[in-house]
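Colleague: pasting a predicted model and its sequence here:
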Amino acid sequence: MILINDFEQVLTQLEKERGIDRAVLIEAIESSLLAATRKKLGMDYNLNVSLDEKTGEALIFASKEVVEKVETPATQVSFAEAKEYQEDVELGDVIMIEITPDDFGRIAVQTAKQVILQKLREAEKNSITEEFSAKVNTIVTATVQRKEGRNYLLNLGRTEAVLDYKDQIPGERYNPKDLIKVYISAVDNTPKGPKIRVSRTHPGLVRILFEMEVPEINDKIIEVVAVAREPGSRAKVAVKSNDPEVGAVGTCVGHMGGRIHNIVKALGNEKIDIIEWVDDPMELIASALKPAKINKIRLEENETESGTEKKALVFVDADQLSLAIGRSGQNVRLASRLTGWNIDIQEEKSSFAENLKAAVEEARGAEGAAAATQDGKIDLAAAAALLDKAQAAETAETAQTEETLTAEKSTEPAEAPAVKEAPAAE
């Protein structure tokens, strides 16, 4: 018999510290005992282990067939010897005979140790993989350990992760022992164990922060429909309310902006625009492009091999053009990602000739090469002639206006010379 001291206590401690299931630990120890026994007795035995997890007592048994003449001692036992172990045995039966070694020896013990460590490492890797696979698309709080080049090594508790440079919010810097929130995007199985992929730039980070700060989202009263983000600069979040008495935007902002302030702080002061989601694409696009004022929107959907291509042509006044596009095109980019429409911003045409020109060009590109009217169809030649006439009239009007201004300027009276008055006599 083999006796493992404080076996149950050791099991409990390993289970708690390493998060490994008790059954896995017992299997690892049994495998180590079998490996040690084969190392001492040979590989031909069919072995089994009986391990009492309460007392720590272990017995090794060999499975042997009862035969008249033993040819293979490792797997066979004579009838006479078998009767000593079991009274009602018969030829051909298979019985279990205890062969627990009294002394394993140094090599066998070393083998057992290696097997246990290997099993524990495998069990721990599997446990970590299962734990963090369940946390994919969630947020965890990590401790910064150190900087490695442009990356940071983070402590996630039972394991570590690397925050790559591309997953860092631009401009953020961390110090050892800093606590930061990271988004778990994936768990990869590698030969060295599970690799936890974390990010501070993933749009999911914004979504989960809203869920953490706004209880109504967890209660399904409010829903985060879409998130578009340029990390470290600006994000647009579309929310909708499933309760007509609850305002989605106001609820997410919170009293005195308390809720949105906490989210912005967790993102390194990244600006966040919250808009209300609507099913009407025109209204949604107009809201997504705020604070710019939109005059009109024209939608177009084309079927392609890769799917439906959705385009939106948005017209704004000249003074709203830069506001709608945003710095370096940021506002329109975020609005396109948020709504799912490819948005093109154009200045509204105010001249009659320019409007007519746009209409004719649109007609030329239309199917049937004609523009539809209430009475039927106009041919393009007439429309083009009308355009030429309108352009000529506008040119003539401009020339006439310039001549009038020149004439008025030439007929203006010359400025009278200044007269210096003599002082009045006293």
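Modeller: Received the coordinates, thanks.

Colleague: any weak-confidence spans in the stretch 1-150 of the chain?
Modeller: For the stretch 1-150 of the chain, the stretches with pLDDT under 70 are 1, 3, 104-109, 111-112.

Colleague: ok, 50 please
Modeller: Residues of the stretch 1-150 of the chain meeting the criterion pLDDT under 50: none.

Colleague: what segments of it are strands?
Modeller: 2-3, 47-51, 57-67, 76-78, 94-98, 139-148 (DSSP state E, counting those that start in this stretch).

Colleague: I'd like those as TSV, with distance to residue 264 appended.
Modeller: No exception for glycine: its C-beta is placed from N, CA and C like everyone else's. Output for those, formatted as TSV (distance: least, Cβ to Cβ, whole Å):
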stretch	distance to residue 264
strand 2-3	62
strand 47-51	57
strand 57-67	60
strand 76-78	78
strand 94-98	69
strand 139-148	16
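
Colleague: dump the ones you listed to JSON lines, plus mean neighbour count and distance to residue 258.
Modeller: What follows is those, written out as JSON lines (neighbours: other Cβ atoms under 10 Å; distance: least, Cβ to Cβ, whole Å):
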{"stretch": "strand 2-3", "mean neighbour count": "14", "distance to residue 258": "62"}
{"stretch": "strand 47-51", "mean neighbour count": "17", "distance to residue 258": "58"}
{"stretch": "strand 57-67", "mean neighbour count": "19", "distance to residue 258": "61"}
{"stretch": "strand 76-78", "mean neighbour count": "18", "distance to residue 258": "80"}
{"stretch": "strand 94-98", "mean neighbour count": "14", "distance to residue 258": "70"}
{"stretch": "strand 139-148", "mean neighbour count": "16", "distance to residue 258": "19"}
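
Colleague: tell me which of those sits nearest to residue 205.
Modeller: strand 139-148 (6.6 Å; Cβ to Cβ).

Colleague: who's in contact with that closest one?
Modeller: Strand 139-148 is contacted by residues 152-156, 160-163, 174-184, 198, 205, 208-209, 212 when judged by Cβ atoms under 8 Å, 6 or more residues apart in numbering.

Colleague: in strands, which of those residues fall?
Modeller: 152-155, 160-163, 179-184, 198 (DSSP state E).

Colleague: which of those residues has the largest number of neighbours?
Modeller: residue 152 (28 neighbours; other Cβ atoms under 10 Å).

Colleague: how about the contacts made by the spatially closest residue to that residue that is not a sequence neighbour?
Modeller: Spatial nearest neighbour of residue 152, excluding adjacent residues (Cβ to Cβ, 6 or more residues apart in numbering): residue 163 at 4.4 Å. Residues near residue 163 by Cβ under 8 Å, 6+ apart: 142, 151, 152, 153, 154, 182, 198, 199, 200.

Colleague: per-residue pLDDT of residue 163, please?
Modeller: Listed pLDDT for residue 163 reads 95.

Colleague: quick one: it from residue 266, how far?
Modeller: 15 Å (Cβ to Cβ, to the nearest Å).

Colleague: and residue 177, by the same measure?
Modeller: Counting by Cβ to Cβ, the gap from residue 177 to residue 266 is 18 Å.

Colleague: more crowded one of the two?
Modeller: Neighbour totals were compared for residue 177 and residue 266, and residue 266 leads with 18 against 9 (other Cβ under 10 Å).

Colleague: show me what contacts that one?
Modeller: With the criterion set at Cβ under 8 Å, 6+ apart, residue 266 makes contact with 181, 209.

Colleague: so how far is residue 41 from it?
Modeller: Taking Cβ to Cβ, one finds residue 266 at 62 Å from residue 41.

Colleague: could you do residue 204 as well?
Modeller: With Cβ to Cβ as the criterion, residue 204 and residue 41 are 56 Å apart.

Colleague: please apply the same query to residue 132.
Modeller: In terms of Cβ to Cβ, residue 132 sits 42 Å off from residue 41.

Colleague: who's more crowded, those two?
Modeller: residue 132 (24 against 16).

Colleague: what separates residue 231 from residue 93, distance-wise?
Modeller: From residue 231 to residue 93 the distance is 72 Å (Cβ to Cβ).

Colleague: check residue 243 too.
Modeller: Applying Cβ to Cβ to residue 243 and residue 93 gives a distance of 74 Å.

Colleague: is it true that residue 82 touches residue 70?
Modeller: No: at 10.3 Å, residue 82 does not count as touching residue 70 under the criterion of Cβ atoms under 8 Å.

Colleague: and residue 157, what does it touch?
Modeller: Residue 157 touches nothing, counting by Cβ under 8 Å, 6+ apart.

Colleague: domain ranges for this structure, per the record?
Modeller: Split into domains by automatic domain parsing, the chain comes to 2-129, 135-199.

Colleague: can you tell me which of the ones you listed is nearest to residue 343?
Modeller: Of all those, domain 135-199 comes closest under Cβ to Cβ, at 24.5 Å.

Colleague: ok now the closest one, how far from the chain's centre?
Modeller: 14 Å (Cα atoms, centre = their mean, to the nearest Å).

Colleague: could you tell me the end-to-end distance of that domain?
Modeller: 13 Å (Cα to Cα, to the nearest Å).

Colleague: now stretch 324-342
Modeller: 14 Å.

Colleague: stretch 244-252 now?
Modeller: Span of stretch 244-252 from end to end, Cα to Cα: 15 Å.

Colleague: can you check stretch 185-194 too?
Modeller: First-to-last distance for stretch 185-194 - Cα to Cα - comes to 13 Å.

Colleague: in it, which residues are buried?
Modeller: The neighbour-count check on stretch 185-194 (16 or more other Cβ atoms under 10 Å) flags 185, 187, 193, 194 as buried.

Colleague: so what sits opposite the third one in the bridge?
Modeller: This means residue 193. Beta-bridge partners for residue 193, by DSSP bridges, are residue 190.

Colleague: what do you get for residue 148?
Modeller: Applying DSSP bridges, one finds that residue 148 bridges with residue 151.

Colleague: so how far is residue 164 from it?
Modeller: From residue 148 to residue 164 the distance is 10 Å (Cβ to Cβ).

Colleague: where along the stretch 251-400 of the chain do the strands fall?
Modeller: 271-276, 296-304, 307-316, 342-347, 371-372, 377-378.

Colleague: lovely, talk soon.
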